[in-house]
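Engineer: Pasted the sequence and its predicted model underneath.
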Amino acid sequence: MKILFPKFDKIGMPLLGVAASVLFVLEAKRQLRRRTRPKTKRLIQNASVAVTALPALRLLLVPGMYAAARWANRHQFGLMPWLKLPTAVRYGLGFLLLDYGNYFWHMLMHRSGLLWRFHNVHHSDMDLDLSSAWRFHVGENFASVPYRGGVIALLGVPAPLVLFYEVIFEGCTAFHHSNLRLPYAVEKQLCKVMVTPRMHGIHHSIVRQETNSNYSVIFSWWDRLHQTLRLNVPQDEITIGVPAYRNPSEQKPAHLFRMPFEKPRAWVLPDGTVPEREERPSPTILLP
Ligand SMILES: [Zn+2]
């Protein structure tokens, strides 16, 4: 299996590093939601989770997805070769369909009890910022290899597109997890095309029906298409996290690593109440 991807590592990764550094500075200057936990402590905890997830992403997920594409390309397997689409269309349509596939993967992680155990580690973060974008349990990365590789093979997308898509995917993940307050008027328009920090903040709410909405990663269209879009929750009303995981002492890296293997907890707060919010009208119009 090919492991080294010079353009990905020498161009893609440094670009992501620059984007992340800019977001890190900006989100501190223009804060969207008020922090509930000490920033440095959370950064160290989230970095400890990322330290196992990121090597798995780079050394297993990326090579696995690339290998799936190479195999499909070599055997003329998948939707794109079968339809005999021109190269430019394979890149353009392929990019869109890869993103559509990830919408379903994200939804599946919320709907499958087994996958949620791992995705819960990401959602149990009690604040949302740039560091949340890499707080994924390594098991979630392992689980995504057969799914994402399978989608890539079924589509038969060009292998270089897989690497290009991954760089944009990671950049957009960093952007929409950030705690950056964009001008409301700008974000209101931007979220018609792509997932934005306010939109994704709603996905991290402790209100269950809000968490189970806004699954898109790059383009917000997929949520609009499947009516899972929810934009009508003001950010200052959102409590970030998962209700049964609100004890800061459980945010230690060792516990976060064990979390998927513990008995799942019901969607209730420590006092036994279920977080709820009255539905507002017009779910497709972003509130500040
Ligand atoms: Zn999620």
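Structural biologist: Thanks, I have it. Residues are numbered from 1 along each chain as shown.

Engineer: so which strand or helix has the residue of the chain most remote from its centre?
Structural biologist: Relative to the C-alpha centroid of the chain, counting by Cα atoms, centre = their mean, Lys84 is the outermost residue, at 31.9 Å. Using DSSP states H and E, Lys84 sits within no helix or strand.

Engineer: do the same with the one 10 residues further on
Structural biologist: Under DSSP H and E, the secondary-structure element containing Gly94 is helix 87-111.

Engineer: Quick one: mean pLDDT for that helix?
Structural biologist: When pLDDT is averaged over helix 87-111, the result is 97.

Engineer: And for stretch 278-288?
Structural biologist: Averaged across stretch 278-288, pLDDT comes to 93.

Engineer: what's the offset of that stretch from the middle of its chain?
Structural biologist: 22 Å (Cα atoms, centre = their mean, to the nearest Å).

Engineer: What are the contacting residues of that stretch?
Structural biologist: Stretch 278-288 is contacted by residues 184, 187-188, 191, 196, 198-199, 224, 229-235 when judged by Cβ atoms under 8 Å, 6 or more residues apart in numbering. Yep, even glycine has a C-beta here, placed from its N, CA and C like the rest.

Engineer: Let me know the closest of those to Tyr91.
Structural biologist: Proximity of the contacts of stretch 278-288 to Tyr91 was ranked by Cβ to Cβ; the top entry is Arg224 with 23.6 Å.

Engineer: Counting neighbours, what do you get for that closest one?
Structural biologist: Applying other Cβ atoms under 10 Å, we find 15 residues neighbouring Arg224.

Engineer: Next: the one 10 residues further on.
Structural biologist: Using other Cβ under 10 Å, Pro234 is surrounded by 12 other residues.

Engineer: go on, Gly272?
Structural biologist: A count of nearby residues for Gly272, using other Cβ under 10 Å, gives 7.

Engineer: ok, now Asn212?
Structural biologist: Asn212 has 15 neighbouring residues, counting by other Cβ under 10 Å.

Engineer: For the residue lying closest to it once chain neighbours are set aside, which residues are in contact?
Structural biologist: Take Asn212 and drop its neighbours on the chain: the residue closest to it by Cβ to Cβ, 6 or more residues apart in numbering is His110, 5.6 Å away. Residues in contact with His110 (Cβ under 8 Å, 6+ apart) are Trp116, His119, Thr211, Asn212, Tyr215.

Engineer: try 7 Å this time
Structural biologist: Trp116, His119, Asn212 (Cβ atoms under 7 Å, 6 or more residues apart in numbering).

Engineer: could you dump these to JSON lines with secondary structure and pLDDT?
Structural biologist: Formatted as JSON lines, these follow (DSSP: H, G, I helix; E, B strand; the rest coil; pLDDT from 0 to 100):
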{"residue": "Trp116", "secondary structure": "helix", "pLDDT": "98"}
{"residue": "His119", "secondary structure": "helix", "pLDDT": "98"}
{"residue": "Asn212", "secondary structure": "coil", "pLDDT": "97"}
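
Engineer: And those residues, which is closest to Ala56?
Structural biologist: His119 (14.9 Å).

Engineer: centre of the chain versus the helix holding Gly94, how much separation?
Structural biologist: Put simply, helix 87-111 sits 13 Å off its chain's centre (Cα atoms, centre = their mean).

Engineer: Report the buried residues of it.
Structural biologist: 90-91, 93-95, 97-103, 105-110 (16 or more other Cβ atoms under 10 Å).
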